[in-house]
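Novice: Provide a 3D model corresponding to the input given below.
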Amino acid sequence: LLYNKQKKNQNAKGNRILISVTVLGSAGPIRFVAYEDDLVASVIDTALKGYAREGRLPLLGSDFNDFLLYCPMVGPEALSTWDAIGSLGARNFMLCRKPEEKKVEESN
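Specialist: A predicted model of the protein is given here:
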């Protein structure tokens, strides 16, 4: 009976999917399981934690706000952090650091 209750709770969150995230400049993809309803921000955070746990280079940091997630199958635009990861129908993604804004100093 307890087993059936646990099974029902797992299905309440949605289907699980295997996601592959390739970090720009890294040797290979990071693979992990996520729910289709997980937000893109959550997937970025999980990918950064997995990347750090594996001791990969280059060092990236842990702030998910500094990164953008792209899906090559969808188009050249970065995914919105508030979208559900499963809404795209894709499973392979590319993680890139946000471009740094150049400060323009005006000489008077």
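Novice: Surely residue 41 is in contact with residue 64?
Specialist: Yes. Taking contacts as CB atoms under 8 Å, residue 41 lies within contact range of residue 64: 5.8 Å. Every C-beta, even on glycine, is put in place using the N, C-alpha and C of the backbone.
Novice: And the strands in this protein?
Specialist: Shown for the chain, the strands assigned by DSSP state E span residues 16-23, 30-35, 67-70, 92-97.
Novice: got a markdown table for those, with distance to residue 51, mean neighbour count and mean pLDDT too?
Specialist: What follows is those, written out as a markdown table (distance: least, CB to CB, whole Å; neighbours: other CB atoms under 10 Å; pLDDT from 0 to 100):
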| stretch | distance to residue 51 | mean neighbour count | mean pLDDT |
| --- | --- | --- | --- |
| strand 16-23 | 6 | 17 | 94 |
| strand 30-35 | 6 | 16 | 95 |
| strand 67-70 | 10 | 19 | 92 |
| strand 92-97 | 8 | 17 | 92 |
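Novice: Columns distance to residue 59 on top of those strands, output as TSV?
Specialist: Output for the strands of the chain, formatted as TSV (distance: least, CB to CB, whole Å):
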stretch	distance to residue 59
strand 16-23	11
strand 30-35	15
strand 67-70	13
strand 92-97	11
